[in-house]
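Student: Sequence plus the predicted model coming up.
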Amino acid sequence: MNQVRLTNVAVCRMLRHGKRFEVACYRNKILNYRQGTETDLSEVLQTDRVFTNVSKGLFAPMKDLELAFDNTNQEQCCRIILDKGQIQVSDMERSATLENTAREVANMVATKCVNPRSDRPYTINQIRDAMKKAEFSVQPTSARSVKQQFLDCVKAIQEKNVLDIIRAKMELAIVMPDTSVAGELVARLKKDALAIIQPSQFKERVQFQIDPSQYRAVDSIAKEIGATLEISRQIVTREGDIDVSLELERNIAQEQSQDAAKNVAAVEESNLSVEVDALDKELESMDVGTANPYLDDDNDSDFEERQQVSQRKKNKNAQKKSKKAKRREKEEASLRQERIDADKIRREDREFRLAHENKDKESGTTSQESNDGSKRSCNTCGGLFTPAEYRAHFRSDWHRYNQKLKMKGVSPIDEKEFLMFDADAFFADDL
């Protein structure tokens, strides 16, 4: 309830002397104002007041304006903020600007690029999908223009191999003042500009197609010979309806040319491999012990020594590998045997426990009942006692006497030996 919802509002913000100042303006109008096409401040600002926070509706105090701008005139302060401040736009406007820029880039790609096989342009939807797959994102607030981003987009699509796409050819014509330089001009166009020369009935006019990136090279050639450069068509594309039979024939011809090129490369590679194999066989057929016409005896002996050293190294490496493999096999065998033994012991313990439990069930007594009914032994005096005798034994003189002997480091005596002597002698002070 305390917030004012602002629609179609762009906030121009500025920090000065440690204070923040804001003005509420229209997004399209502030751009026109900075470009100089809009001079009326009332058409740019929604209100001619300076804020410290537009969203909360907090006006800037006059003493802060006097400190920051040396002036309390609201209009002059607003002009300074509009000229030097930063524009803050809403999320909806930012997303709309991003969408418009992406649409412009995709439209430019669809207009100026074609499929190299059919020489026909792609649709805008195909280009947008290719931009997403190539992970290309436009930058609406960047210093790069739409044309520069269009070039980056084409490069990204080609590098990611998302679409088979190239720049559409540009058709140019050069009108020469003298036909004697026609041969030299055609040769330079083919070499420097990679131009595709078209036959023309006028000798003083040369018509050709080039990649748009070669326009500057062609322009420099035309200026050197004093000719006139004309642009016949900015974008060369195939127009009209598609004839399926012609398209199939053209695709078949392209595939055949590609297959022929592959076959030529394969033949050259096979010929090279045959020559290499023949050379290897010739070298193997040569006897090491015989004299080599290209090497003297010393070189032959050095060659044999190098062969022997390399062979010994190979044998050592093979032995090392075999030793490591054997050691690894022994370790794995010992680990497997340990697991087998542990499983066997665990299985025997489980069988013994199950057999003991079954035996207790058959006898009708549990382990707890058998422990309660069994006799107990005294750790100091020894002997076996029933539970009642065991409790009475701890209060007897025999047990107390053995406790004293145990504290003095003397071995305890049995009950018969204790009863053979006088009790007063056992508890004397000189014991």
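Tutor: Yep, it's here. Numbering: from 1, shown residues only.

Student: any idea how far residue 59 is from residue 29?
Tutor: Distance, residue 59 to residue 29, using Cβ to Cβ, to the nearest Å: 22 Å. Every C-beta, even on glycine, is put in place using the N, C-alpha and C of the backbone.

Student: the more surrounded of the two?
Tutor: A direct count of neighbours by other Cβ atoms under 10 Å for residue 59 and residue 29 places residue 29 higher, at 19 against 13.

Student: Follow the chain on from the helix or strand that contains that one and name the next helix or strand.
Tutor: Secondary structure assigned from DSSP states H and E places residue 29 in helix 27-35. Next helix or strand after helix 27-35 toward the C-terminus (DSSP H and E): helix 41-44.

Student: Domains in the chain, by residue range?
Tutor: Listed domain ranges for the chain are 10-89, 93-166, 170-236, 275-320, 338-368, 376-426 (source: automatic domain parsing).

Student: Now do the SS call for residue 24.
Tutor: Three-state call for residue 24 (DSSP: H, G, I helix; E, B strand; the rest coil): strand.

Student: mean confidence score for stretch 30-50?
Tutor: In this model, stretch 30-50 has a mean pLDDT of 85.

Student: Can you flag the weakest of the domains of the chain by average pLDDT?
Tutor: domain 275-320 (a mean of 61).

Student: Residue 72 reaches residue 61, doesn't it?
Tutor: No. In this structure residue 72 lies outside contact range of residue 61 using Cβ atoms under 8 Å: 10.0 Å.

Student: before we move on, the earlier item: in JSON lines: the domains of the chain, plus distance to residue 263.
Tutor: What follows is these, written out as JSON lines (distance: least, Cβ to Cβ, whole Å):
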{"stretch": "domain 10-89", "distance to residue 263": "60"}
{"stretch": "domain 93-166", "distance to residue 263": "21"}
{"stretch": "domain 170-236", "distance to residue 263": "26"}
{"stretch": "domain 275-320", "distance to residue 263": "19"}
{"stretch": "domain 338-368", "distance to residue 263": "59"}
{"stretch": "domain 376-426", "distance to residue 263": "99"}
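
Student: ok so, going back, buried sites along the helix holding residue 29?
Tutor: 27, 29-30, 33 (16 or more other Cβ atoms under 10 Å).

Student: State the pair within those that is farthest apart.
Tutor: With distances taken as Cβ to Cβ, the most widely separated pair in the buried residues of helix 27-35 is 27 and 33, at 11.0 Å.

Student: which residues are common contacts for the two?
Tutor: Common neighbours of residue 27 and residue 33, counting by Cβ atoms under 8 Å, 6 or more residues apart in numbering, are absent.

Student: hey, where'd the strands end up in this structure?
Tutor: With DSSP state E, the ranges of strands along the chain come out as 10-16, 19-25, 51-53, 58-59, 86-88, 113-114, 166-167, 169-175, 196-198, 205-210, 228-236, 376-377, 384-385.

Student: Let me see the contact set for the residue nearest the centre of the chain.
Tutor: Taking Cα atoms, centre = their mean as the criterion, residue 135 is the residue nearest the geometric centre of the chain, at 12.6 Å. For residue 135, the contacting residues are 156, 160, by Cβ under 8 Å, 6+ apart.

Student: How much space separates it from residue 415?
Tutor: Taken as Cβ to Cβ, the span from residue 135 to residue 415 is 96 Å.

Student: Please apply the same query to residue 260.
Tutor: Applying Cβ to Cβ to residue 260 and residue 415 gives a distance of 117 Å.

Student: between the two, which one's more packed in?
Tutor: residue 415 (15 against 10).

Student: Excluding chain neighbours, give the residue nearest to the more buried one in space.
Tutor: residue 398 (5.6 Å; Cβ to Cβ, 6 or more residues apart in numbering).

Student: hang on, that neighbour packs against residue 417?
Tutor: No. In this structure, residue 398 is not within contact of residue 417 by Cβ under 8 Å, at 9.6 Å.

Student: More neighbours: these two, which one.
Tutor: Neighbours were counted for residue 398 and for residue 417 using other Cβ under 10 Å; residue 398 has more, 21 against 10.

Student: For the more buried one, list the residues it contacts.
Tutor: By Cβ under 8 Å, 6+ apart, the contact list for residue 398 reads 381, 415, 418.
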